[in-house]
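Visitor: The sequence isn't on hand, but the structure is:
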Ligand SMILES: Nc1ncnc2c1ncn2[C@@H]1O[C@H](COP(=O)(O)OP(=O)(O)OP(=O)(O)O)[C@@H](O)[C@H]1O
Ligand SMILES: [Mg+2]
């Protein structure tokens, strides 16, 4: 952290409101004179762009988008994202707000996985794939009930992607409630995300206040 910016990962199920809250928080920080870099995973780099095509059904993997192959792609995108975008922004002193990071890999790939393997083996393997991905200074988990997230996704009206089935999202919500188990060495702060935009915004800001010092 010293002399550098702050790396914040923001996580939650689809429709939790992470993108909305990141945009609001970024605007508030910029208004206070802070340098901010907003980014997301899958990233906008070459590997991340390919992953989005697979998730949206516009690119096809010959053996199908298996959870194990997807875990490799996400991990490769992450290193490209860290080295090509996150670390340069941190060196310039920015607060980097990443809409998803490796907690998403741990949560999504473990619930989308082949259930013949014990969950802890899958988690250990995904952690090792991400062994060299820089740790966030803090991870914010926006927790919402699966019903609220499903309503928001429907209202938003975008086409459902590979992971947006209600059954999978319900299992994911549970995994995020216990996010500490997935990243035991990281600093994780939970924000209740079921409230109004303004209510969640206030909780989000309060959660990050101890980490983001006011502009000098
Ligand atoms: N607190 C809230 N109350 C009501 N509506 C909300 C709230 N937060 C977000 N929304 C709306 O719900 C929809 C989903 O929000 P958003 O896109 O921020 O979710 P997300 O977590 O980024 O989803 P995804 O993971 O799919 O990108 C948007 O239409 C947004 O305006
Ligand atoms: Mg989003």
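Guide: Now that the structure is in, tell me what you want to look at. Computed from a predicted structure; not experimentally measured. Numbering: from 1, shown residues only. Ligands and ions are numbered 1, 2, ... in the order given.

Visitor: does the host helix or strand of residue 38 come close to ligand 1?
Guide: Assigned by DSSP states H and E, residue 38 belongs to strand 36-40. No - applying CB under 6 Å from any ligand atom, one finds strand 36-40 separated from ligand 1 by no less than 8.2 Å. All C-beta atoms are positioned from the backbone trio N, CA, C, and that covers glycine.

Visitor: Contact residues of the chain facing ligand 1?
Guide: That would be 12, 14-20, 152, 155-156, 195-197, 200, which are the residues of the chain within reach of ligand 1 (CB under 6 Å from any ligand atom).

Visitor: farthest-separated two in the residues you listed?
Guide: Spanning the widest gap among the residues of the chain next to ligand 1 are 14 and 196, at 19.5 Å by CB to CB.

Visitor: So which of these two has more stuff around it?
Guide: Using other CB atoms under 10 Å as the criterion, residue 14 and residue 196 rank with residue 14 on top: 21 against 8.

Visitor: Run through the residues that contact that one.
Guide: Contact analysis of residue 14 by CB atoms under 8 Å, 6 or more residues apart in numbering lists 149, 153, 161, 163, 164, 169.

Visitor: Next up, identify which helix or strand it is on.
Guide: Per DSSP H and E, there is no helix or strand for residue 14.

Visitor: tell me which residues of stretch 81-91 are tucked away?
Guide: 81, 82, 85, 86, 87, 89, 90 (16 or more other CB atoms under 10 Å).

Visitor: Let me see the contact set for the residue nearest to residue 177 when sequence neighbours are not counted.
Guide: Counting by CB to CB, 6 or more residues apart in numbering, residue 177 lies nearest to residue 143, which is 5.9 Å off, once chain neighbours are set aside. By CB under 8 Å, 6+ apart, the contact set of residue 143 is 12, 16, 173, 176, 177, 190, 191, 192, 193.
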